[in-house]
Every structure is written in structure tokens, then in C-alpha cells.
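1. just a sequence and a predicted model for now, questions to come.
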Amino acid sequence: MKIGIDIRSLQEKHKSGVGEFTYELLGALFKIDAENEYHLFSNARRLVRPSLPDAGQAKIFHKHFNFPNKLLNLGFKFLNWPKIDKLVGQKLDLFIFPNLNFHALSSGIKKILFVHDLSFEIYGQFYSPKGRLWHKMTNPKKFLRTADQIIAVSKNTKDDLQNLFKLAPEKIKVIYPGVSRAYENSPPEQEIQKIKTKYSLPDKFILYLGTLEPRKNITTLVRAFEEIKRKTGLDHKLILAGARGYKSKQILKQAAKSEFANQIKYIGYIEAQEKPALYSMAALFVYPSYYEGFGFPPLEALALGTPTIVSSSGSLPEVLGEYCPILVNPYNQAELALGMEKMLQNQELGKSAQNQTENILTKYSWEKTAEELLQTINQTVS
């Protein structure tokens, strides 16, 4: 079988959640499938060429093009041309889209589409005008209608797809992503000290890691941090880490104006190989997002035994509820502050996150994800 895969999400200098998802999924898929051919498509004039996972035992063929992205997307959108299968020079049986994107394919090619979340529909106010326009132009409704199989990364996302787009439940399959084995064991002390020195980290800190954007609810986290500082005088600092997103300037400006500004530090984007050490050092990881389709960062932190608090919104209770003793209303600052205070002061509550590593890595395994995808590929084509 000849399978096409859109790997444009791997071209970003700083991988987003979708980029990391695509990289890990392909790595796991290539390890278990020696039968099918995989024809990878990427395009960018200015962005870096995509970094690919190890080929494993798979037959991989990668075609990268240098068309101006805007011009190519306009061709896909208004002319239904050029056909991606013609560009890669193959008669494909099936094409996999790890996320919504502009495209054009010849008729007769089956399509599998992954949907991570519908935040662009439910929380459009958290997107820039450019981001809202991009999602509108990709025409999600048409894409979902023409896909032969839709894979949702959580039951919550499947419910959202059914409620918002009135899709038949049998057209949507839930396949959970995995957690990298990089989070199986705490990194060696030498690595921890290296990262601590590199980012000038304090001995005690509360950590947020993710894109700095309104949907992640960082402003409420900053205010909750201020509240427990005033109330308890705890000596922990607040570390914010991640790539800058929409309205990140306003978020950092709020932190800079805080009465505890000297105890709040933004350390920027963190490379994947540095994250285990950062999670391991944190006294508490907090992820108060208004909405998530899955939630990789808190799951990674929990896999390393770091006490974690998440919001009770979106898919987070579904994915993390059995491992997180405290879930908070993202709109309730006082509830978040109280949860943070309880977790920091109650050692037994904090220890509930420990000894969960094997359970998490078993339930959220990339090998299992790849096996379920391969089964879905065979069912869709046949």
C-alpha cells in the first residue's frame, strides 16, 4: 500500500504540540510497519526542512518543495491544484493529515484526518485575526465531510466534533496519543544541574510550560501566584516557559507589573530534550488552560512524578483526572490559588503524582497509538 503523509507541521523552528505529535507518531509507526510505503510531503520556501524521526523498518520517500506557501495554499483553496499525489509522483491509496491544512488530492484517494481540538470554533477570541482567517480558509466543515475517517485524540474532541459539525459517531475514532519514553526516568543529576545553571533557576519554583497565549490562562495563574504569596509568604518562584504566541507581550507585561515581578521569570522556548530536567526540578506544575484537546505538558510532568494541577475544562479531566488529585475551575482564581497552596503544603497530596509513571506510559503509549492507526489505515482502505 502507498500512503501519503502531510509533514508540514514538522517544519517549524520550534515544534508546536502538533509538530511533536506528528514526529512521535511517525517514529512509532515506522518502527512497526515494514509492509507499506510512506510518501512524505512538505513544502516551504523560508522555513527549515522538516526533521524526520528514525526510519525504523519502514519504506520512506520524502519529497520537499520550495513553493511560496501563500501561493500554494491559494492554489489548493481556489483551484484544487496542484494535486499533492502528483507532486510526490505516486498513485496513492491513502493520505494521512496529522492536522487541518490546505490540500488538494486526486479523486479515489482515501483520507484520514486527525483532529486535536476545536478551540478555533469554541474559543475563537483566543486566536489572532490571522489565525481565525487561516482556520476559516481551510474550511474545516468541508474537510471533515470529505475525510473517510476522522481520528480524535480524546473523547472530548469527538464529542465536540459531533456537537459542532453533526458528524456520525461511527466516522470518528478516538485514538489517544502517547507520552515519550524520554519521561520514563528522571534525568541524571548532572543534566538537572546543567539546565538549572543554563536558565538560572531557583531551588524552589512553580512551573508553567506551554505556548504563551490567552487560551492557556496564564494571567489567572500569575494572579493566583500573587494571592498565595501575600497569604502564605511561600518562598517559591514562578517560572514560565514556552514559545511566545498570540498576545504574549500582554501576558509578560502583566507579569512585569506584578508586585512580585522579581519572583516571576520567563525563560523562553524549551527544547524537547531539556523538558524532563525542567519538570523534575519543579515543586509543582500548573496548567490552568481554558480548553485542551489532549494536554501533553501536564501528562509529561506527571510521568516524571511532578505534582500537577490542571483545569477541569476540555479533555483534561478525561486524560489526567485519575492522576491529578486537584482539578480547578479555570475561571476561578481563588480556587486555583487554594489548590496550589494545598499541593505545596500537603506532602501526601503531592506524593499522589509519584509512582504513576508506568500506568501513564502504559495507557498513553506511542506504540499503541501507531498500532491503532495502522489498523485504521487497513480498515479505511479495505
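-> Arrived safely, thanks for sending.

2. select the helix or strand of this protein having the lowest average pLDDT value.
-> Lowest mean confidence among the helices and strands of the chain (mean pLDDT, DSSP states H and E): helix 347-351, at a mean of 77.

3. could you export it as CSV, CA atoms only?
-> Extracted C-alpha coordinates of helix 347-351, given in CSV (Å, rounded to 0.1, in the frame of the first residue of the first chain):
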residue,chain,number,x,y,z
GLN,A,347,3.2,16.3,51.1
GLU,A,348,0.9,13.3,50.9
LEU,A,349,-1.2,15.1,48.3
GLY,A,350,1.9,15.9,46.3
LYS,A,351,3.1,12.3,46.5
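
4. residues near Gly75, how many?
-> 15 (other C-beta atoms under 10 Å). Heads up, the C-betas are built off the backbone N, CA and C, glycines and all.

5. model confidence for it, exactly?
-> The model reports Gly75 with a pLDDT of 98.

6. surely it touches Ile84?
-> No. The criterion here is C-beta atoms under 8 Å, and Gly75 misses it with Ile84 at 11.0 Å.

7. residues contacting Phe296?
-> By C-beta atoms under 8 Å, 6 or more residues apart in numbering, the contact list for Phe296 reads 17, 20-21, 177, 179.

8. repeat that for 10 Å
-> Neighbouring residues of Phe296 by C-beta atoms under 10 Å, 6 or more residues apart in numbering: 17, 20-21, 24, 153, 177-180, 209-210, 275, 287, 319, 364.

9. out of these, which one sits closest to Thr357?
-> Val179 (9.3 Å; C-beta to C-beta).

10. ok, that closest one to Val18 distance?
-> 16 Å (C-beta to C-beta, to the nearest Å).

11. circling back to that earlier point, check which helices and strands the following helix or strand past the least confident helix or strand of the chain sits against.
-> Going down the chain from helix 347-351, the next helix or strand is helix 357-363, by DSSP states H and E. Packing contacts for helix 357-363, counted by 3 or more C-beta pairs under 10 Å, 6 or more residues apart in numbering; DSSP states H and E, involve helix 296-303, helix 316-320.

12. which element follows the first one toward the C-terminus?
-> Which is helix 296-303. Next along from helix 296-303, by DSSP H and E: strand 308-311.

13. sorry, back to before: for the contacts of Phe296, which one is nearest His103?
-> Using C-beta to C-beta, those come closest to His103 at Phe21, 18.1 Å.

14. quick one: Gln354 and Gly305 touch, right?
-> Yes. Using C-beta atoms under 10 Å, Gln354 is in contact with Gly305, at 4.2 Å.

15. which one of the two has more residues nearby?
-> It is Gly305, of Gln354 and Gly305, that has more neighbours when counted by other C-beta under 10 Å, with 18 against 12.

16. ok, the more buried one touching Pro276?
-> No. Judged on C-beta under 10 Å, Gly305 makes no contact with Pro276 at a distance of 11.1 Å.

17. common neighbours of those two, please.
-> Contact criterion C-beta under 10 Å, 6+ apart; residues shared by Gly305 and Pro276: 183, 186.

18. excluding its backbone neighbours, what's nearest Ala241?
-> Counting by C-beta to C-beta, 6 or more residues apart in numbering, Ala241 lies nearest to Leu209, which is 4.5 Å off, once chain neighbours are set aside.

19. shared neighbours, Gly75 and Ile84?
-> By the contact definition C-beta under 10 Å, 6+ apart, Gly75 and Ile84 are jointly contacted by Ala104.

20. burial check on the residue nearest to Ala241, number of neighbours?
-> Residues contacting Leu209 under the criterion other C-beta under 10 Å number 24.

21. which phi and psi does it have?
-> When read as degrees, to the nearest 10, the backbone of Leu209 gives phi -130, psi 120.

22. residues in contact with it?
-> 216, 239-242, 267, 269-270, 275, 278-279, 282, 285-287, 296-298, 300-301.

23. which of those fall in strands?
-> Counted as lying in strands by DSSP state E, out of these, are 239-241, 285-287.

24. and which of the residues you listed is nearest to Leu71?
-> Ala241 (35.7 Å).

25. residues contacting the closest one?
-> So Ala241 contacts 199, 207-210, 212, 265-270, 274-275, 278, 282, 297 (C-beta under 10 Å, 6+ apart).

26. good, wrapping up.
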